[in-house]
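Novice: the following block contains a protein sequence and its predicted model.
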There are 2 protein chains.
Amino acid sequence: MMLASPLGFRRSALTRRLSHYLTLTEAEDRALEAAEERERRVAAGEPLVEASQPIDRLFVVQHGWLHSSVRLRDGGRQILRFHYPGDLIGVSSIAWSQAATTLTAVSDCIVSELPKTQLGRLFAAQGRIGGLLYAIAAAESVAMSDRLTAIGRMNAIQRLATLLLDITARLRVTAGGVVDTIELPLTQADIGDALGLTKVHVNRTFREMEKRGMISRAGRRLKILDEPGLIDFTGFVDRHAVIATDWLPPLLG
Amino acid sequence: MMLASPLGFRRSALTRRLSHYLTLTEAEDRALEAAEERERRVAAGEPLVEASQPIDRLFVVQHGWLHSSVRLRDGGRQILRFHYPGDLIGVSSIAWSQAATTLTAVSDCIVSELPKTQLGRLFAAQGRIGGLLYAIAAAESVAMSDRLTAIGRMNAIQRLATLLLDITARLRVTAGGVVDTIELPLTQADIGDALGLTKVHVNRTFREMEKRGMISRAGRRLKILDEPGLIDFTGFVDRHAVIATDWLPPLLG
DNA sequence: CGCACGTTTGATTACCGTCAAGGTATGTGG
DNA sequence: CCACATACCTTGACGGTAATCAAACGTGCG
């Protein structure tokens, strides 16, 4: 169990993220901190949960990256989403008692456990938190539909560009300062599985983008050279920066 | 405003859907019915909401089909989801004050309005409802990730087959009885925009499926001839039939 | 050092897109 | 009642983006 602390000391990344969107009451803060249980470490490349495995809890990402994916009959894989600090993950286990996707650590991770029943209590007792979680889920759903659009209707360069822009936008929520260079812990095979491309074609697409002066690469570090240009080229919309909370009742007391 | 009725008479399709997953208390039932406001009719092909239009309310589908879509710079379109009676739609307007997608009626529709502030009150006062809406949103998110997987990693036949299986599964939730034939109000261009294919290729794929004895068509009516075979062929999983509610506190009183 | 893993490059193939045109059904107005 | 328009479906020919197959090249690590 994490140390409850209304003072902002050693708080969960979820509490920090939520208070980024909404000023939490002390009761809400405490209820959130109390809901999370023990922490777990997951080494890069290791699975946290396997698809179709029975599960009764969610996880909060405290540190590191993960992704959720599914495997196909033919051995192929589709990566559905990436998860960053402050994300509530394994949400599909809410709707069923089995995991719908596999959760895998991309880099070394720390996550904390949040049992489904605790989430139920949170919704029942702290309705504003429930509403905020719903709003975040809605935003993430739109971000996923952007990915769907990219895969369904865009060519390889546009797909890769939108992914890079999206990762950058999401990292800015947590990182705070200016982010124009990202440390990509992903292999080109991972990126291909996220974009519906093969690793071979991802490689060719990276080189093409370099040739066109869109990005530069050095090892795992990647720099976006002309962000406004890429945004215009892809029609990218940042879904992470702002989330409306004006529709929530101001205070429950 | 819909007639509040704990007796099950003239209830909103949303209330009916939720009570399909969870036995509602009278207070919950009443709060749900009170949240919805006036009804609107939308003729087939007409838009209900346009993307990026300011909006402060959601909608509940009472009758008919709609879809949400986005337009691309180049004139292309991606259909993201289809919406059926009992669905809460326009959810992206919760996270922002503008619509993220265009909502268009596929067949003649009746929807009722649900202002964001009413939803906020529902979350605050009826936490179990909030939790249930969250669970449904999680299930729909998984259904969308199934579509993502189909578009990213499957060929045209498998994509079309999963779409047909998914529509059938979703209709069964509302229809109740046995559904093995569906009346498709969609054009082949619509289906292509949902699957990331052109209408020309959708047509070829339909004919190929007929030739292989997977489906039969007569006008708009479509029959799935070997559902177990198609399920095995595509790895389809029904995301609509069951949703767990065991994690919600039994009663709030 | 050698192995595993990831990146890069080349040659060939195939699935699906594009372009074009004809066919069918439904509806409307003269 | 028929000419005509419109929307949708169907089919053919051709071309291109990305997949597949194969192999070389780096690079970090035990």
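Specialist: Thanks, I have the structure now.
Novice: pLDDT weak spots in chain A?
Specialist: A:1-10, A:176, A:251-253 (pLDDT under 70).
Novice: partner residues bridging the residue sitting nearest the centre point of it?
Specialist: A centroid search over chain A (C-alpha atoms, centre = their mean) returns A:H83, at 2.8 Å, as the residue closest to the centre. Here A:H83 shows beta-bridge partners A:L66, assigned using DSSP bridges.
Novice: please report phi then psi for A:R30.
Specialist: phi -60, psi -40 (degrees, to the nearest 10).
Novice: can you list the residues of chain A near DNA strand D?
Specialist: A:155-157, A:196-198, A:200-201, A:219 (C-beta under 7 Å from any atom of the strand). For every residue, glycine as well, the C-beta is placed using N, CA and C.
Novice: again, 6 Å this time
Specialist: A:155-156, A:197-198, A:200-201 (C-beta under 6 Å from any atom of the strand).
Novice: show me which of these is closest to B:E39.
Specialist: Nearest to B:E39 among the residues of chain A next to DNA strand D: A:N155, at 42.8 Å, using C-beta to C-beta.
Novice: give me the phi and psi for that closest one.
Specialist: According to degrees, to the nearest 10, A:N155 has phi -80, psi 180.
Novice: neighbours of it, how many?
Specialist: Neighbourhood size, A:N155 [other C-beta atoms under 10 Å in any protein chain shown]: 9.
Novice: contacting residues for it?
Specialist: Neighbour list for A:N155: empty [criterion: C-beta atoms under 8 Å, 6 or more residues apart in numbering or on different chains].
Novice: and the strands in the stretch 151-253 of chain A?
Specialist: Along the stretch 151-253 of chain A, the stretches classed as strands by DSSP state E, counting those that start in this stretch are A:181-183, A:215-218, A:221-224.
Novice: please work out which of these is packed deepest.
Specialist: strand A:221-224 (a mean of 16; mean count of other C-beta atoms under 10 Å in any protein chain shown).
Novice: could you see whether DNA strand C lies near it?
Specialist: No: using C-beta under 6 Å from any atom of the strand, strand A:221-224 stays clear of DNA strand C, coming no nearer than 10.5 Å.
Novice: ok so, going back, JSON lines please, covering the strands of the stretch 151-253 of chain A and showing distance to B:E26.
Specialist: Below are the strands of the stretch 151-253 of chain A laid out as JSON lines (distance: least, C-beta to C-beta, whole Å):
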{"stretch": "strand A:181-183", "distance to B:E26": "53"}
{"stretch": "strand A:215-218", "distance to B:E26": "59"}
{"stretch": "strand A:221-224", "distance to B:E26": "56"}
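Novice: now for these, which one comes closest to A:R11?
Specialist: strand A:181-183 (24.8 Å).
Novice: and for A:D74, the neighbour number?
Specialist: A:D74: 9 neighbours (other C-beta under 10 Å).
Novice: A:P47 too?
Specialist: A:P47 - counted by other C-beta under 10 Å - has 14 other residues nearby.
Novice: contacting residues for it?
Specialist: Contacts of A:P47 (C-beta under 8 Å, 6+ apart): A:102-105.
Novice: from DNA strand C, how far out is A:I182?
Specialist: Distance, A:I182 to DNA strand C, using C-beta to the nearest atom of the strand, to the nearest Å: 14 Å.
Novice: that residue: what's it in contact with?
Specialist: Neighbours of A:I182 in contact, by C-beta under 8 Å, 6+ apart: A:164, A:167-168, A:171, A:221-222.
Novice: then A:G235?
Specialist: Contacts of A:G235 (C-beta under 8 Å, 6+ apart): B:72-73.
Novice: near DNA strand C, which residues of chain A show up?
Specialist: So far as C-beta under 6 Å from any atom of the strand goes, chain A lies against DNA strand C at A:187-189, A:199-200, A:203-204, A:206-207.
Novice: make it 7 Å
Specialist: Checking chain A against DNA strand C by C-beta under 7 Å from any atom of the strand, the hits are A:187-189, A:199-200, A:203-204, A:206-207, A:217.
Novice: still on that earlier bit, may I ask which of the contacts of A:P47 has the most neighbours?
Specialist: Neighbour-wise, these (other C-beta under 10 Å) top out at A:L103, 27 neighbours.
Novice: where does it land in three-state SS?
Specialist: Classification of A:L103 using DSSP: H, G, I helix; E, B strand; the rest coil returns strand.
Novice: beta partners of it?
Specialist: Counting by DSSP bridges, the residues bridging with A:L103 are A:V49, A:S68.
Novice: that one is in contact with A:E46, isn't it?
Specialist: No: A:L103 is beyond contact range of A:E46, at 10.0 Å (criterion: C-beta atoms under 8 Å).
Novice: hang on, the earlier thing: and which of the contacts of A:P47 is nearest A:K116?
Specialist: Closest to A:K116, out of all of the contacts of A:P47 and judged by C-beta to C-beta, is A:L103, at 15.4 Å.
Novice: do stretch A:137-145 and chain B come into contact?
Specialist: Yes: judged by C-beta under 8 Å from any C-beta of the partner chain, stretch A:137-145 comes into contact with chain B through A:137-142, A:144-145.
Novice: got it, and stretch A:194-206?
Specialist: Yes: judged by C-beta under 8 Å from any C-beta, stretch A:194-206 comes into contact with chain B at A:195-196.
Novice: contacting residues around that stretch?
Specialist: A:67, A:78-79, A:82, A:147, A:150-151, A:156-157, A:159-160, A:163, A:186-189, A:191-192, A:215, A:217, B:151-153.
Novice: buried set for it?
Specialist: The neighbour-count criterion (16 or more other C-beta atoms under 10 Å in any protein chain shown) identifies A:194-197, A:202, A:205-206 as the buried residues of stretch A:194-206.
Novice: can I see the domain layout of chain A?
Specialist: Here the domain assignment for chain A is A:13-140, A:150-234, based on automatic domain parsing.
Novice: I'd like these as a markdown table, with distance to B:K116 appended.
Specialist: Output for those, formatted as a markdown table (distance: least, C-beta to C-beta, whole Å):
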| stretch | distance to B:K116 |
| --- | --- |
| domain A:13-140 | 10 |
| domain A:150-234 | 23 |
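Novice: pick the most deeply packed of those domains.
Specialist: domain A:13-140 (a mean of 20).
Novice: tell me the secondary structure at A:S52.
Specialist: Per three-state DSSP, A:S52 ends up coil.
Novice: okay, and the beta partners of A:L58?
Specialist: A:L114.
Novice: biggest helix in chain A by residues?
Specialist: If you go by DSSP state H, chain A has its longest helix at helix A:127-153.
Novice: got the angle for it vs helix B:127-153?
Specialist: 10 degrees (axes from the mean of the first three to the mean of the last three C-alpha atoms, to 10 degrees).
Novice: done for today, thanks.
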